[in-house]
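J.: give me the fold of what follows.
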Amino acid sequence: MRIHLIAIGGAAMHNLAIALKDNGHEVSGSDDQIFEPSRSRLEKKGLLPESMGWNASRVSNEIDAIILGMHAREDNPELIKAQELGLSIYSYPEFIYQQSLKKKRIVIAGSHGKTTITSMILHVLKKLNFEFDYLVGAQIDGFETMVRLSEAPIIVLEGDEYLSSPIDRRPKFHLYHPHIALISGIAWDHINVFPSFENYLEQFEIFIDQMKKESILMFCQADETLVTTVHKYGQHLDLRPYQTPQYEIQDGKSFIMRGSQRTEVSVFGDHNLQNLNGAMMVCKAIGIVEDDFYAAIRDFKGAARRLEEIARNNQTVVYKDFAHSPSKLEATVKAVKKQWPDRKLFACMELHTFSSLTKDFLLEYEGTMKDADVAIVFYKEETLAQKRLDPLSKEEVKKAFGRMDVEVFTNSDQLKARLEEINLAQGNLLLMSSGNFGGIDVDVFGKSLIN
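T.: As a prediction, this is how the structure comes out:
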């Protein structure tokens, strides 16, 4: 097939482009801006557009399929040309579904943890030599791309609830129609698309209700909203709840307790161990026995930017995490403090997303950093202007988090200076952002603090 991707530079889109080219398709693409690492990866595969911007001349009747990324707009000239020519136009989740019609589809959904759970399942399947396809939202050790399409009999999909494309306003996970699904939890997010919690919750109700009779649905029992929703809309399904497994912490290490067996795992925190239990349930549903699962998961280090260790010595660990929504932030801070109760925890997070910088939604952050000994919040005033949001004062941020001792910074140089002056002896540092703290390379910076 000849396939053209509009907005090829996105995280999922550029990985899909690479996977399609590796499968022998003729692939082209366009975008108005492409950042790293997408740029280098596309260039290495010969897929980087010769010039940035949109050009209708790239689209012709010779193209078999257009895949439209969320970054494009409805008035994109290439999209308009494709519509005029009557070409087949897909969002990437719609295209993935069409490619998986003959496969057993496993979809991992939820407001938090879905990338980690998906990554755990992929790690185990690979170690146990299963043939499988996948789509996951982060780079994983041992996997060259975040997307694979082949003749494999099963496909594991991270089911994002965000919109599919500019012309398809359905959440991505509504398009996959799973045979096996897992929902990790429901916590309001993406307020630019779902302006109320009820509207957001409705997307999960639809997802559950649309599943075919007797399909398997795993769900986390620790989330009361999820439990209520599942029992209301999922009575036609094979329902399989999971919860936090029994575990112990010793010297900063976590051990799963299964009867007389004690298995050390690399991930930690109640939320991550719930994720692990959910991944185990999914693997059992496709025929993997528990002992094999735990043998395979032992060396799983986590998905990129999910409680990822940057540096350590015998007194300190520096972590980075993608946590930005209230539920993710609270779970991550709690996990690090519980893992190292005798160490002082310095937790630094960036308000970066549209939701987090909106005053009404900011109130959802109350109490989320209560387990940090020192809480630091950063945001860029320029980001507020770019997103056309109302100005935000430092006092408003402190009140929203429910602790007036939160240190608030809007200048990245001042933030760096503050973090550099911290005495990290017998203390841990947690850096949480879906951005980059105004241009800080957290990997280099974290290592420099330890050294």
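J.: please tell me how far Pro341 sits from Gly252.
T.: Plainly put, Pro341 is 10 Å away from Gly252 if you go by C-beta to C-beta, to the nearest Å. C-beta: built from backbone N, CA, C; applies to glycine.
J.: the two: which is more packed in?
T.: Per other C-beta atoms under 10 Å, whichever of Pro341 and Gly252 has more neighbours is Gly252, with 14 against 10.
J.: got the domain ranges for this protein?
T.: Here the domain parsing of the chain from automatic domain parsing is 2-87, 95-297, 308-450.
J.: now those domains as JSON lines including mean pLDDT?
T.: Shown next, in JSON lines, are these (pLDDT from 0 to 100):
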{"stretch": "domain 2-87", "mean pLDDT": "96"}
{"stretch": "domain 95-297", "mean pLDDT": "95"}
{"stretch": "domain 308-450", "mean pLDDT": "93"}
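J.: OK, contacts around the closest residue to Gln99 other than its chain neighbours?
T.: Once flanking residues are discounted, Gln99 sits nearest to Leu149: 5.3 Å by C-beta to C-beta, 6 or more residues apart in numbering. Contact analysis of Leu149 by C-beta atoms under 8 Å, 6 or more residues apart in numbering lists Ala19, Leu20, Asn23, Ile96, Gln99, Asp133.
J.: select from the residues you listed every entry located in helices.
T.: Ala19, Leu20, Ile96, Gln99 (DSSP state H).
J.: check which helix or strand Asn423 maps to.
T.: Using DSSP states H and E, Asn423 sits in no helix or strand.
J.: flag every buried residue along stretch 386-393.
T.: Within stretch 386-393, the residues that count as buried by 16 or more other C-beta atoms under 10 Å are Leu392.
J.: swap that for stretch 211-229, please
T.: Using 16+ other C-beta under 10 Å as the test for burial, stretch 211-229 gives Met211, Ser215, Ile216, Leu217, Met218, Phe219, Cys220, Ala222, Asp223, Leu226, Val227, Thr229.
J.: show me where the stretch 201-350 of the chain has its helices.
T.: 224-233, 270-285, 290-297, 326-339 (DSSP state H, counting those that start in this stretch).
J.: how far off centre is the longest one?
T.: Going back to what we said before, that points to helix 270-285. 16 Å (C-alpha atoms, centre = their mean, to the nearest Å).
J.: could you pull up the contacting residues of the residue most central in space within the chain?
T.: Most central in the chain under C-alpha atoms, centre = their mean is Thr115, positioned 4.6 Å from the mean C-alpha point. By C-beta under 8 Å, 6+ apart, the contact set of Thr115 is Val136, Gly137, Ala138, Glu158, Ala303, Arg306, Phe322.
J.: what does Arg2 give?
T.: Neighbours of Arg2 in contact, by C-beta under 8 Å, 6+ apart: His25, Glu26, Ser28, Glu62, Ile63, Asp64, Ala65.
J.: ok, back up a step: farthest-separated two in the buried residues of stretch 211-229?
T.: Longest distance between any two of these is 22.5 Å, between Ser215 and Ala222; criterion C-beta to C-beta.
J.: which residue lies farthest from the center of the protein?
T.: Distance from the C-alpha centroid of the chain, by C-alpha atoms, centre = their mean, peaks at Asn61 (36.1 Å).
J.: buried stuff in stretch 76-87?
T.: Asn76, Pro77, Glu78, Leu79, Lys81, Ala82, Leu87.
J.: which among those residues gets closest to Ser327?
T.: For the buried residues of stretch 76-87, the nearest to Ser327 is Asn76 (34.1 Å; C-beta to C-beta).
J.: so the closest one is in contact with Asp31, correct?
T.: No: here Asn76 does not reach Asp31: they are 10.6 Å apart, not a contact under C-beta atoms under 8 Å.
J.: shared neighbours, these two?
T.: Ile6.
J.: over to stretch 100-111 now: how far is its first residue from its last?
T.: 24 Å (C-alpha to C-alpha, to the nearest Å).
J.: now do stretch 107-114
T.: 9 Å.
J.: check the offset of that stretch from the chain's centre.
T.: Per C-alpha atoms, centre = their mean, the centroid offset for stretch 107-114 relative to its chain is 8 Å.
J.: got it, and stretch 230-244?
T.: 23 Å.
J.: do stretch 184-195 as well
T.: Taking the mean of its C-alpha atoms, stretch 184-195 sits 14 Å from the chain's own mean (C-alpha atoms, centre = their mean).
J.: could we number from 20 for the rest of this?
T.: Sure, I'll start numbering at 20, so the last one becomes stretch 203-214.
J.: residues contacting it, please?
T.: Residues beyond stretch 203-214 that count as contacts (C-beta under 8 Å, 6+ apart) turn out to be 127-133, 136, 180-182, 216, 219-220, 222-223, 239, 241-242, 244-245, 248, 293-294, 297, 344-346, 373-374, 377, 379-380, 383.
J.: now, of these, which are buried?
T.: Looks like the contacts of stretch 203-214 have 127-133, 136, 180, 182, 219-220, 222-223, 239, 241-242, 245, 248, 293-294, 297, 344-346, 374, 377, 380, 383 buried, using 16+ other C-beta under 10 Å.
J.: of those, which belong to strands?
T.: Ile127, Ala128, Leu182, Cys239 (DSSP state E).
J.: how about CSV for the contacts of Leu168, with distance to Phe456 added?
T.: Below are those laid out as CSV (distance: C-beta to C-beta, whole Å):
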residue, distance to Phe456
Ala38, 32
Leu39, 35
Asn42, 38
Ile115, 33
Gln118, 38
Asp152, 35
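J.: ok, back up a step: could you dump the ones in strands among the buried ones among the contacts of stretch 203-214 to a markdown table with distance to Glu401?
T.: Shown next, in a markdown table, are those (distance: C-beta to C-beta, whole Å):
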| residue | distance to Glu401 |
| --- | --- |
| Ile127 | 35 |
| Ala128 | 34 |
| Leu182 | 26 |
| Cys239 | 38 |
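J.: what is the most widely separated pair among these?
T.: Leu182 and Cys239 (24.5 Å).
J.: mind checking how far the residue nearest to Gln118 is from Glu243?
T.: Taken as C-beta to C-beta, the span from Leu168 to Glu243 is 38 Å.
J.: ok, Glu224 next?
T.: 15 Å.
J.: could you do Glu327 as well?
T.: As judged by C-beta to C-beta, Glu327 and Glu243 stand 30 Å apart.
J.: do Ile85 as well
T.: As judged by C-beta to C-beta, Ile85 and Glu243 stand 43 Å apart.
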